[in-house]
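Novice: Output the structure for:
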Amino acid sequence: MSEQDEFEQLDCSAVIADVWLMLDNECDHATRARLQRHIEDCGSCLAAYGIEEKVKSLVNRKCGGDHAPDGLRERLRIQLRQTTIVTWVDPGQ
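Specialist: You can find the predicted model right below:
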């Protein structure tokens with residue numbers, strides 16, 4: 001398959017959905033290379049990637065050192081234990 005065919009097969013919405021995987025280093029090398037080639041050749045994906053990269057950088061800069069308040073973990077644990085799972089029952093059955 002040629003690089004042009006590969007570019008055309010990548011749907012821009014799928015590329016944008018996978019941008020966070022790339023930014024978080026959560027994709028394999030082949031996927032990263034394929035996404036980067038698409039982003040370099042597609043202006044709209046490049047712009048979207050730039051925005052996502054800036055958002056991630058901003059969040060990391062502004063919230064990177066914050067810690068959850070004391071007791072939050074325990075309150076969450078208690079609430080999770082109290083939560084019950086409700087199953088949907090079809091009244092027609």
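
Novice: List phi and psi for residue 20.
Specialist: Backbone torsions of residue 20, given as degrees, to the nearest 10, read phi -70, psi -30.

Novice: Pretty sure it sits against residue 51.
Specialist: No. With contact defined as C-beta atoms under 8 Å, residue 20 and residue 51 do not form a contacting pair (11.9 Å). For glycine as for every other residue, the C-beta is placed from the backbone atoms N, C-alpha and C.

Novice: neighbours around residue 12, how many?
Specialist: Here the count is done by other C-beta atoms under 10 Å, and residue 12 has 13 residues near it.

Novice: Name the residues of stretch 67-85 that are buried.
Specialist: Taking 16 or more other C-beta atoms under 10 Å as the basis for neighbour counts, none of the residues of stretch 67-85 comes out buried.

Novice: Just checking the distance from it to the centre of its chain.
Specialist: Its chain's C-alpha centre and that of stretch 67-85 lie 25 Å apart, by C-alpha atoms, centre = their mean, to the nearest Å.
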